[in-house]
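# need a 3D model of the sequence below.
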Amino acid sequence: MAATSATGFSVGSTASAGPRVGSTQLKASSVKLNPKNYLTSFSGLKAGNSVSCESQSSFLGDESTLVLKQGYNSKAWRCSNRSYSRVQPQASYKVAILGASGGIGQPLALLVKMSPLVSELNLYDIANVKGVAADLSHCNTPSKVSDFTGESELAACLRDVDVVVIPAGVPRKPGMTRDDLFNINANIVKTLVGAVADNCPNAFIHIISNPVNSTVPIAAEVLKQKGVYDPKKLFGVTTLDVVRANTFLAQKKNLKLIDVDVPVIGGHAGITILPLLSKAKPSVTFTDEEVQELTVRIQNAGTEVVEAKAGAGSATLSMAYAAARFVESSLRALDGDTDVYECSFIQSELTELPFFASRVKLGKDGVEVVILSELQGLTEYEQKALQELKTELKASIEKGVAFVQKQAVAA
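Coordinates of the predicted model:
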């Protein structure tokens with residue numbers, strides 16, 4: 001998520017000709033613009049006959065700022081003789097982070113605190129969350145930060161929330177597979193999603209807790225049992241796979257990262273992660289060896305970080321970045337932006353599997369469209385990899401469903 005401080009602006013493909021899936025730069029943070037989509041003023045960014053980026057606290061680098069200026073200058077001269085009223089971001093959405101004092105939760109909370117669309121940020125954990133909230137509350141951005149500790153305060157944390165993000169759970173350690181996490185994290189997700197169903201059943205639910213291939217089906221089963229399941233509003237956050245694919249491809253081919261866009265389908269673990277390099281933008285030529293090398297690195301990138309940290313944790317910072325980007329996309333969609341696309345692990349009919357990660361269009365009510373074209377015209381390598389991943393993904397999905405159903409029978 002390219003984000004700024006309260007005096008700044010989240011920026012991305014506004015000036016591009018069409019949606020950019022998995023772009024590391026976001027569009028304007030869902031600001032309500034006039035019908036012509038001309039931006040006269042947005043806090044640190046001003047567009048008139050020229051554009052200047054004045055934020056003193058921005059994630060935008062010099063190169064990104066240059067691209068931004070060029071894109072908006074092309075529109076600015078066309079509308080120089082038109083008069084439009086000024087617009088300001090409306091901080092009007094309530095976000096809850098469950099697991100906010102953890103390795104992912106803390107940096108994620110900081111990034112979400114920076115969104116001009118968030119009016120209230122509720123932080124929940126079983127311990128140590130009060131200090132995190134106190135620290136964040138000193139940041140001069142619009143959202144009010146509140147802390148909630150323990151199960152007795154969970155309902156209050158979730159009341160009337162618009163977006164719930166769940167990074168709660170134990171991290172991977174060296175030698176631990178995502179499947180090793182299952183027994184611990186499955187119970188955590190089951191409990192938290194049950195509380196979501198009781199207190200904010202209409203919220204967008206973002207599942208980060210691993211293994212996502214199983215925890216999303218667990219969440220779905222819990223919501224079904226509660227009678228409030230809306231498949232359009234349940235998301236497995238696979239954005240990190242897209243972020244990694246974009247980054248690694250840009251490095252490999254010496255491309256400008258802002259231009260790179262690689263859709264990633266399948267699931268969110270090992271071989272179930274399938275970057276569609278043949279669909280990458282800009283179009284790039286690969287040798288068979290390069291395709292294999294990039295695909296394997298993207299699939300094993302989490303292990304790369306776990307091993308580099310040597311027992312000190314997993315991919316917390318990059319995961320927080322990716323999760324914050326998906327939160328920002330959800331908020332933009334809720335706020336009426338009609339051009340929001342992300343890859344996510346959702347209930348899907350794209351394949352014979354009940355859940356599948358693919359590119360989707362987001363709207364006010366959640367998933368609006370599943371982009372069917374992503375699975376058309378695949379290379380032979382991608383077709384083979386797609387078939388191979390289905391067996392493992394199917395087993396993970398079934399494991400999650402069986403976990404909830406078994407507990408229901410026992411109860």
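# sketch out the low-pLDDT regions of this protein for me.
Residue ranges of the chain with pLDDT under 70: 1-89, 172-174, 176-179, 411.
# now do the same contact list for residue 388.
For residue 388, the contact set (Cβ atoms under 8 Å, 6 or more residues apart in numbering) comprises residue 271. The way it works is simple: take the backbone N, C-alpha and C, and place the C-beta from them, glycine included.
# ah, wrong one, I meant residue 296
Neighbours of residue 296 in contact, by Cβ under 8 Å, 6+ apart: none.
# now do 10 Å
Residue 296 makes contact with 270, 271, according to Cβ atoms under 10 Å, 6 or more residues apart in numbering.
# just after the helix or strand harbouring it, pick out the following helix or strand.
Using DSSP states H and E, residue 296 falls within helix 288-299. Using DSSP H and E, the helix or strand that directly follows helix 288-299 along the chain is helix 301-309.
# dig out what the nearest residue to residue 345 once chain neighbours are set aside forms beta bridges with.
The shortest distance from residue 345 to any residue other than its chain neighbours is 3.0 Å, reached at residue 236 (Cβ to Cβ, 6 or more residues apart in numbering). Residue 236 has these beta-bridge partners by DSSP bridges: residue 207, residue 345.
# residue contacts, residue 236?
Applying Cβ under 10 Å, 6+ apart, the residues near residue 236 are 205-217, 219, 267-268, 344-347, 355-357.
# let's see that with 8 Å instead.
Residues counted as contacts of residue 236 (Cβ under 8 Å, 6+ apart) are 207, 212, 213, 215, 216, 268, 344, 345, 346, 355, 357.
# what number of residues lie near residue 144?
When neighbours are defined as other Cβ atoms under 10 Å, residue 144 has 12 of them.
# that one is in contact with residue 119, isn't it?
Yes. Using Cβ atoms under 8 Å, residue 144 is in contact with residue 119, at 7.0 Å.
# can you give me the strands in the stretch 101-250 of the chain?
Assigned by DSSP state E, counting those that start in this stretch, the strands in the stretch 101-250 of the chain fall at 118-125, 144-149, 163-166, 204-207, 234-236.
# pick the most deeply packed of these.
Mean neighbours per residue, mean count of other Cβ atoms under 10 Å, is largest over those for strand 234-236, with a mean of 28.
# quick test: name the residue nearest the centre of this protein.
Centrality entry for the chain: nearest residue to the mean C-alpha point is residue 326, 2.4 Å, by Cα atoms, centre = their mean.
# any idea which element that residue lies in?
Residue 326 belongs to helix 317-334, assigned by DSSP H and E.
# buried set for that helix?
Within helix 317-334, the residues scored as buried using 16 or more other Cβ atoms under 10 Å are 318-334.
# what of stretch 368-388?
Buried, per 16+ other Cβ under 10 Å, within stretch 368-388: 370, 371, 374, 375, 378, 381, 382, 385, 386.
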